[in-house]
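Asks: Give me a 3D structure for the following:
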Amino acid sequence: MTFSEIIENIKLAYDSMRSNKVRSFLASLGVVIGISTVILMGWILSGLQSAMDDTFKIIGVDVIYIDKYDWAGGKKWKETRNRKDITLEQADDFMSLIQTAETAFPTIRDWAGTIKYENNNYKGISILGTTHHHGLTPAGETSQGRYFTPFEEDSKANVVVIGSKVASSIFPNNDALGKDIKIQGHKFMIVGVIKKQGTMMLDFIDNQVFLPLGSFIKVFGKNGRSVSIGVKAGGEEKLDVIREESRGIMRTIRNLHPSEEDDFSINETKAFESQTAQIKLYVWGVGIGMTVLSFIVGIIGIMNIMFVSVTERTKEIGIRKAIGAKSRSILFQVISEATALCIVGALISLFICSAIAYSVATILPKFVPQAEFLKPYLPMELLIIASLVSLFVGVLAGLLPALRAARLDPVEALRFE
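Replies: Below is the predicted model:
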């Protein structure tokens with residue numbers, strides 16, 4: 001088939017679409033729904049993945065946390081609950097023995113604390129006691145003010161660094177620095193606000209406040225609380241070494257026999273990554289199911305339209321064959337028309353989805369801050385996928401009608417009424 005024949009067949013296909021605009025639009029509707037589903041689902045997951053990656057970087061991709069509990073929930077709850085707490089003394093021993101880490105710091109937590117400011121109580125806030133070394137990690141980076149100093153830590157000063165969600169909830173005018181809040185009846189002055197770190201799925205990260213370790217113990221005590229030990233490796237390439245060294249030190253400190261399993265967990269951001277991957281898998285599964293149904297409807301619709309079109313143009317096809325048109329030329333023309341219907345559907349989908357993405361990403365975060373992960377544009381890879389899928393669906397939908405048209409006997413076609 002020559003290039004001029006290809007161009008001529010494409011022109012014929014678009015002329016046929018223009019002459020039957022309503023029919024062409026209805027035939028493309030299933031494709032519009034299917035491709036829109038793929039694009040919007042991919043847009044949401046792409047924004048979520050980007051936000052999660054940013055959050056993991058802020059938490060620290062080179063930081064591990066030695067804890068009594070397993071973040072990923074890999075162990076049975078009863079098994080982890082019955083483990084012995086990691087004590088502050090064990091944490092001190094660990095930090096004195098670790099050699100290759102950039103820094104290490106203990107953390108004690110009160111999960112559902114209450115903060116009082118003026119006459120208002122704010123509940124459900126995680127209150128943590130830690131050292132100034134936490135402020136040296138990405139998770140301790142402040143957007144306002146500073147982290148508490150080693151001197152404030154040693155003197156058990158009543159200072160506090162608060163998360164961005166806590167700051168926005170209590171101080172909507174963005175004037176938290178220097179203000180006093182009360183924790184368990186004790187007054188603490190705010191010296192810093194942690195940079196926003198969480199996403200819609202991990203917004204609890206911003207709902208925390210940090211006290212010097214001694215100040216936390218002074219207010220809450222240390223009995224009945226398990227300590228979490230943060231270990232910053234100083235680079236992702238050092239994680240394997242740090243992980244094994246930390247495991248060996250903790251087993252020694254906990255007096256574990258070589259045949260005994262670890263009675264502690266070594267956690268890192270990969271625990272969240274595996275959970276996120278599972279959620280994405282479920283979302284893709286549902287989305288792909290909806291997409292397949294939409295495409296089946298679209299393929300059937302386009303196929304029926306093309307059979308009708310072939311029937312209507314039987315005599316025209318007979319005339320073309322009688323004057324020398326080859327079967328492959330007829331085949332290509334019908335497939336071109338079906339593909340054109342799908343491409344038009346894809347273009348409509350891109351326009352609709354672009355408008356939805358821009359509108360939602362621009363307006364929704366003003367009312368729902370957790371939706372900030374949504375981007376006001378569609379990723380390029382989604383546009384490429386949509387184009388390729390539309391071509392595939394077009395060829396698939398037009399194949400049977402095209403074969404029927406190509407196999408028509410010119411004599412019988414000319415007699416068709």
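Asks: what's the closest residue to L213 other than its chain neighbours in contact with, if anything?
Replies: Spatial nearest neighbour of L213, excluding adjacent residues (CB to CB, 6 or more residues apart in numbering): G129 at 4.5 Å. Bear in mind the C-beta positions are built from the backbone N, C-alpha and C, glycine included. Residues near G129 by CB atoms under 8 Å, 6 or more residues apart in numbering: T107, I108, R109, F210, L211, P212, L213, G214, S215, F216, I217, F220.
Asks: Relative to A346, how far out is the fourth one?
Replies: Put plainly, it is F210. 50 Å (CB to CB, to the nearest Å).
Asks: again, but for the third one
Replies: From R109 across to A346, the span is 51 Å (CB to CB).
Asks: The two: which is more packed in?
Replies: A346 (26 against 17; other CB atoms under 10 Å).
Asks: Convert the longest strand along the chain to PDB, retaining C-alpha atoms only.
Replies: The strand spanning the most residues in the chain, taking DSSP state E as the definition, is strand 103-117. The C-alpha coordinates for strand 103-117 follow below in PDB (Å, rounded to 0.1, in the frame of the first residue of the first chain):
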ATOM      1  CA  THR A 103      23.700   9.600  64.900                       C
ATOM      2  CA  ALA A 104      21.300   7.800  67.100                       C
ATOM      3  CA  PHE A 105      18.600   9.100  69.500                       C
ATOM      4  CA  PRO A 106      15.900   7.600  71.800                       C
ATOM      5  CA  THR A 107      12.200   8.500  71.600                       C
ATOM      6  CA  ILE A 108       9.400   8.000  74.200                       C
ATOM      7  CA  ARG A 109       5.900   8.600  73.100                       C
ATOM      8  CA  ASP A 110       2.500   9.400  74.700                       C
ATOM      9  CA  TRP A 111       0.100   8.400  71.800                       C
ATOM     10  CA  ALA A 112      -3.100  10.300  72.700                       C
ATOM     11  CA  GLY A 113      -2.000  13.400  74.500                       C
ATOM     12  CA  THR A 114      -3.900  16.600  75.200                       C
ATOM     13  CA  ILE A 115      -2.600  20.100  74.700                       C
ATOM     14  CA  LYS A 116      -4.200  23.100  76.300                       C
ATOM     15  CA  TYR A 117      -3.900  26.600  74.900                       C
END
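Asks: thinking again about what came up before, which ones among the contacts of G129 are found in strands?
Replies: Using DSSP E, those in strands are T107, I108, R109, F210, L211, P212.
Asks: which residues in the stretch 251-400 of the chain form strands?
Replies: 265-267 (DSSP state E, counting those that start in this stretch).
Asks: Poorly predicted segments of it, please.
Replies: 270-276, 279, 283, 287, 370 (pLDDT under 70).
Asks: which residues touch V393?
Replies: V31, G34, F295, G298, I299, I302, C342.
Asks: distance of the fourth one from A397?
Replies: Translated: G298. Distance from G298 to A397, by CB to CB: 7 Å.
Asks: Give me the common contacts of the two.
Replies: Common neighbours of G298 and A397 (CB under 8 Å, 6+ apart) are C342.
Asks: For the residue nearest to L213, what is the enclosing helix or strand?
Replies: strand 120-130 (DSSP states H and E).
Asks: so how far is that strand from its chain's centroid?
Replies: 28 Å (CA atoms, centre = their mean, to the nearest Å).
Asks: Just the buried positions in it, please.
Replies: I125, S126, I127, L128, G129, T130 (16 or more other CB atoms under 10 Å).
Asks: Could you list the residues in contact with the longest strand of the chain?
Replies: For strand 103-117, the external contacting residues (CB under 8 Å, 6+ apart) are 88, 91-92, 94-95, 98, 121-131, 133-134, 136-137, 166, 170, 179, 181-183, 209, 213, 216-217, 220, 222, 225, 227-232.
Asks: cool, and stretch 163-183?
Replies: 113-117, 120, 122, 125, 127, 143-145, 160, 162, 187-198, 203, 205-209, 211, 219, 369.
Asks: Pull out the buried residues from those.
Replies: Here, 16+ other CB under 10 Å leaves 113, 115-117, 125, 127, 144-145, 160, 162, 188, 190-198, 203, 205-209, 211, 219 buried among the contacts of stretch 163-183.
Asks: Which members of the residues you listed occur in helices, if any?
Replies: Counting by DSSP state H, the buried ones among the contacts of stretch 163-183 place V219 in helices.
Asks: Find the pair from the contacts of G129 with maximum spatial separation.
Replies: Using CB to CB, the two most remote members of these are R109 and G214, lying 15.5 Å apart.
Asks: So Y122 versus P212, what's the distance?
Replies: 21 Å.
Asks: make that T103, sorry
Replies: 16 Å.
Asks: and these two? which has more neighbours close in?
Replies: P212 (27 against 18).
Asks: how many neighbours does the nearest residue to that one once chain neighbours are set aside have?
Replies: Leaving out its chain neighbours, the residue that sits closest to P212 by CB to CB, 6+ apart is E153, at 4.3 Å. E153 is flanked by 22 other residues according to other CB under 10 Å.
Asks: Show me what the one helix or strand E153 maps to is packed against.
Replies: In this assignment (DSSP H and E), E153 forms part of helix 150-154. Packing partners of helix 150-154 (3 or more CB pairs under 8 Å, 6 or more residues apart in numbering; DSSP states H and E): helix 213-220.
Asks: Show the average pLDDT along the helix it packs on.
Replies: Helix 213-220 shows a mean pLDDT of 94 in the predicted model.
Asks: who touches I194 in this structure?
Replies: Taking CB under 8 Å, 6+ apart, we find I194 in contact with A139, G140, E141, T142, S143, V161, I162, G163, S164, D206, Q208, F210.
Asks: Rebuild the residues you listed as JSON lines, extending it with distance to K57.
Replies: What follows is the contacts of I194, written out as JSON lines (distance: CB to CB, whole Å):
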{"residue": "A139", "distance to K57": "10"}
{"residue": "G140", "distance to K57": "14"}
{"residue": "E141", "distance to K57": "11"}
{"residue": "T142", "distance to K57": "16"}
{"residue": "S143", "distance to K57": "16"}
{"residue": "V161", "distance to K57": "20"}
{"residue": "I162", "distance to K57": "21"}
{"residue": "G163", "distance to K57": "17"}
{"residue": "S164", "distance to K57": "16"}
{"residue": "D206", "distance to K57": "15"}
{"residue": "Q208", "distance to K57": "18"}
{"residue": "F210", "distance to K57": "20"}
